[in-house]
Each structure stands twice: as structure tokens, then as C-alpha cells.
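Trainee: Next one to model:
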Amino acid sequence: MAVVAVFQGVTQEQYEESVRRITGGKSRVESPGDWPVEGLLAHISGQGTNAFRVLDVWESEDAFRRFGETLMPILQGKLWRRAADGVAGTLLLVVLAVEDATLLTLRSLLTVHAFVGMLLIPIVALKLASTGWRMLRYYLRGEEYVRRGPSHLVLRVLVAPVIVVSTVVLLATGVALLALGQTHGTLVGLHKASFLVWLGGAALHVLPRVANLPSILRRRLPGTPLRLGLVGASLVCGVLLATRTLPAADRLQDNLSGSVGFDER
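Mentor: Just a heads-up that it's a prediction; the model follows:
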């Protein structure tokens, strides 16, 4: 007996990306033979009145079940990582917004700036570890990662390396300034320059994805407790680290408040 399956709740962009992963590069299904499982009689996709919809007709329940067994590990793994990145990315955006706001009156908010900067370190480390794991698994030819394909070439060879290097330099110089109690000099200039480079790279990486964050965060997928636990743990570690270094931040604030605004080198 034929089976009719109707899917909705995904955007056209998400649908086309999933098709590319499954078919090896095509953005749409041109024939039933494009699917990795035999038994597809018809495949229709398009924008409905309220949502994007996909309709499949399978020749039997067994064919539809085989398709589900092939498709769901791909989509679940992809969506799990998207949701994990979405939670960590949203947390980063919120904390970074606070950090950027302190730049408006840095002379009076340097303690807050330093506190938030230290809080960011574990969160950024979690994000880099997640991204690095996906990259490593792809280049080690992990089947699921190879099937999904690489990210856009510009992101891989230009934007991502710039973000990683500038992030490391930005955080490292911030920690060094806090440890040395410096408010002027070459290290301050390097800290500012790395921030400007990071801001440009992050804008290219984040802005195209902001619109998808709400739908990603609304998904309830297997592994949600673990995902939230990792993000929560990174936030707790950040708070502990920032609290531990708060006296040094206060001294840095005092140094800046007591300076007369010129470099004594």
C-alpha cells in the first residue's frame, strides 16, 4: 500500500541544504532516483499558504521506513549540532552585546569590561571546541560529516581562520593587560586592533545566520539536556573566572582613572 508523507516546519533554505547533503550537491530532487533509497514514487516541495511543505509518495511502508532510517541520522545529527551552536551562539551574542556596550564609556566601565571579557573565555572555548570537532571529523573523512559536505569555501579559508586567530589574540591580550595592570602602550593597541579584525569577521559569519536562530532554538532534539549542561557549565566557569580576577580588574580601573591620558613610555 502506498504511503503519503507530508513534512512542514522547515524553511526552503533548510530543505535545499538537506537535499544537497543527501543527493551529493543538488538543490532539488529532479527524479525519484536522486533519493538514496528505492521506492519513491513522487516528491513535491513548495511554499504553502503558511509554511514551506514537502510531500512524498512511497510505494510501501517498508520503503518509507528505509528512507527514514537513512535520512534521520543525517538530519538529527545536523540539527543537533545546529541547535548546540545556536544555544552557544545566542549566549555569546548576549554577552558580547554587554561587552560592546561597555566600550561606549570604557573609562568608567573598565571593571565591567574586564569582568565580562573573562566570563567570555570558557564560552568561546566551548564554541571553538565544537567547531573544531566538526572540522576534524570532516577532514578525517567521518562518513556523516563527509556526506553533509564542507562549509562555504570563503568561510573555511578566509572568515573562519580570521575569527579564530583574532579571537585568540583578543582574549590573550586582554588577559595580559589584566595581569600586568596596563592601560596604555603597545599591548593596548594590539588588543584594540584584534577587536576590530574580530568584529569584521564575526559580522560576516553571524549576520547571515541570525534570522535562523529562533527556529533552531525552538527545536527539541535528543541530547538537549547534555547540550544545555555544557553551555551552562561554560557559563558557570566563566562567572567563577571573572569573579576570581575581579580584584585585578578593580586595580586596572584605578590605574585608568588615575592616569592623565598619555603614554609614559
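
Trainee: my read: residue 187 touches residue 173, true?
Mentor: Yes: Residue 187 is within contact range of residue 173, at 5.8 Å (criterion: C-beta atoms under 8 Å). Backbone N, C-alpha and C define where each C-beta goes, glycine included.

Trainee: neighbour-wise, which of those two wins?
Mentor: The neighbour comparison of residue 187 against residue 173 (other C-beta atoms under 10 Å) goes to residue 173, with 21 against 15.

Trainee: The closest residue to that one other than its chain neighbours - how many residues pack around it?
Mentor: Excluding the flanking residues, the one nearest residue 173 by C-beta to C-beta, 6 or more residues apart in numbering is residue 191, at 4.0 Å. Residue 191 has 19 neighbours, counted by other C-beta under 10 Å.

Trainee: Report the buried residues of the helix or strand encompassing residue 191.
Mentor: Per DSSP states H and E: residue 191 is located in helix 186-210. Buried residues in helix 186-210, counted by 16 or more other C-beta atoms under 10 Å: 190-191, 194-195, 197-198, 201-202.

Trainee: now, which of those sits nearest residue 182?
Mentor: residue 191 (9.5 Å; C-beta to C-beta).

Trainee: right, and that closest one touches residue 180 too?
Mentor: No: applying C-beta under 8 Å, one finds residue 191 not in contact with residue 180, separated by 11.7 Å.

Trainee: now the helix or strand containing residue 137, how far from the chain's geometric center?
Mentor: Using DSSP H and E, residue 137 maps to helix 106-139. Here helix 106-139 is found 12 Å from its chain centre; the criterion is C-alpha atoms, centre = their mean, to the nearest Å.

Trainee: List the residues that contact residue 190.
Mentor: 169, 173 (C-beta atoms under 8 Å, 6 or more residues apart in numbering).

Trainee: that older thread, quick check: mean pLDDT of the helix holding residue 191?
Mentor: Per-residue pLDDT over helix 186-210 has a mean of 86.

Trainee: do the same with stretch 253-261
Mentor: 69.

Trainee: Look up how far residue 182 lies from the spatially closest residue to residue 64 that is not a sequence neighbour.
Mentor: In this structure, residue 64 finds its nearest non-sequential neighbour in residue 58, 4.1 Å apart by C-beta to C-beta, 6+ apart. Distance, residue 58 to residue 182, using C-beta to C-beta, to the nearest Å: 67 Å.

Trainee: With neighbour numbers in mind, choose between these two.
Mentor: A count of neighbours by other C-beta under 10 Å puts residue 58 above the other of residue 58 and residue 182, at 26 against 17.

Trainee: Bridge partners for the more buried one, pull those for me.
Mentor: Note on residue 58: beta-bridge partners residue 3, residue 40, judged by DSSP bridges.

Trainee: if I pick it, what's in contact with it?
Mentor: Contact analysis of residue 58 by C-beta under 8 Å, 6+ apart lists 2-5, 39-41, 64, 67.

Trainee: Equivalent analysis for residue 158, please.
Mentor: For residue 158, no residue meets the contact criterion (C-beta under 8 Å, 6+ apart).

Trainee: Check which helix or strand residue 46 maps to.
Mentor: Remark: residue 46 resides in strand 40-47, with elements defined by DSSP H and E.

Trainee: So which elements touch that strand?
Mentor: Contacts defined by 3 or more C-beta pairs under 8 Å, 6 or more residues apart in numbering; DSSP states H and E place strand 40-47 against strand 52-58.
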